[in-house]
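In: Turn this into a structure:
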Amino acid sequence: MSEFVRMLALDEIGAGVERRIAANAEERAALAARFDLRALGRLEAVLTATPAPGGVRVAGRVEAEAVQACVISGEDVPARIDEPVDLLFLHDVGQGGEEVELHEVDCDVLPIEGRSIDLGEAAAQSLGLALDPYPRAGAEALAAARRRLLSEEAAAEREAAEKARANPFAVLKRNG
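Out: Predicted coordinates:
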């Protein structure tokens, strides 16, 4: 089951219908877990559904504010998403069990299952595709993480040296 469900019945579309949707705090927390985000502060979309041959075209924008983890340092990396959406929901996508070859222009084609489409899941998938797969913190944050790491290593070395000095048998071990 999707974390962000906003169903639009096909019979509501008529000549076209616009929907403004926003994820609540619980939905954002579930989506943050799904996309391995530290936080998802906002997810909103303005989507217009219009009839298209064989289905429904959904176009609009998805906006979000998220926090990802830097792939190098683990530091927080803010992400602001403002992405156009252009999807085609079709009734007969790969029906009958036959193999379907997708072309580049077909990559934004989704199946219609039943008598409605899920605008929330469409927005969630658009968010997932817009996120940086390798987020990196800025130079200052990376430098601060390096300094912390070096100071932790230096502290560990000092602690080991102090333990060696405090051990009365350390002198015998060095001389023996």
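In: and the closest residue to Tyr134 other than its chain neighbours, what is it in contact with?
Out: Leaving out its chain neighbours, the residue that sits closest to Tyr134 by C-beta to C-beta, 6 or more residues apart in numbering is Val71, at 5.0 Å. Heads up, the C-betas are built off the backbone N, CA and C, glycines and all. Counting by C-beta atoms under 8 Å, 6 or more residues apart in numbering, Val71 makes contact with 134-136.
In: can you do 10 Å?
Out: Contacts of Val71 were listed using C-beta atoms under 10 Å, 6 or more residues apart in numbering, and they are 77, 132-137.
In: got it, and Leu88?
Out: With contact set as C-beta under 10 Å, 6+ apart, Leu88 has these partners: 52-59, 105-106, 108-110, 112.
In: quick one: which of these is most hemmed in?
Out: Neighbour counts for these (other C-beta atoms under 10 Å) peak at Val58, which has 26 neighbours.
In: can you tell me which two in the contacts of Val71 are farthest apart?
Out: Across the contacts of Val71, the longest distance by C-beta to C-beta is 15.2 Å; it joins Pro133 and Ala137.
In: quick one: low-confidence ranges for the protein?
Out: Along the chain, segments meeting pLDDT under 70 span 1, 93-107, 138-139, 141-156, 158-176.
In: which residue packs closest to Ala22, ignoring adjacent ones?
Out: Nearest one to Ala22, counting by C-beta to C-beta, 6+ apart, is Glu44 at 4.5 Å.
In: Surely that neighbour and Val85 touch.
Out: No. Contact criterion C-beta atoms under 10 Å: Glu44 and Val85 do not qualify, at 11.9 Å.
In: out of the two, which sits in the more crowded spot?
Out: Neighbour totals were compared for Glu44 and Val85, and Val85 leads with 22 against 14 (other C-beta under 10 Å).
In: and the strand or helix carrying the more buried one, which residues are buried?
Out: Secondary structure from DSSP states H and E places Val85 in strand 76-90. Neighbour-count burial for strand 76-90, counted by 16 or more other C-beta atoms under 10 Å, picks out 77, 79, 81, 83, 85, 87-90.
In: And for stretch 21-39?
Out: Of the residues in stretch 21-39, 21-23, 27-28, 30-32, 35, 37 count as buried by neighbour count, 16+ other C-beta under 10 Å.
In: From the residues you listed, pick the one nearest Arg6.
Out: Distances from Arg6 to these, taken by C-beta to C-beta, are shortest for Ile21, at 4.6 Å.
In: residue contacts, that closest one?
Out: Counting by C-beta under 10 Å, 6+ apart, Ile21 touches 4-6, 8, 43-47, 60, 62, 119-120, 122-123.
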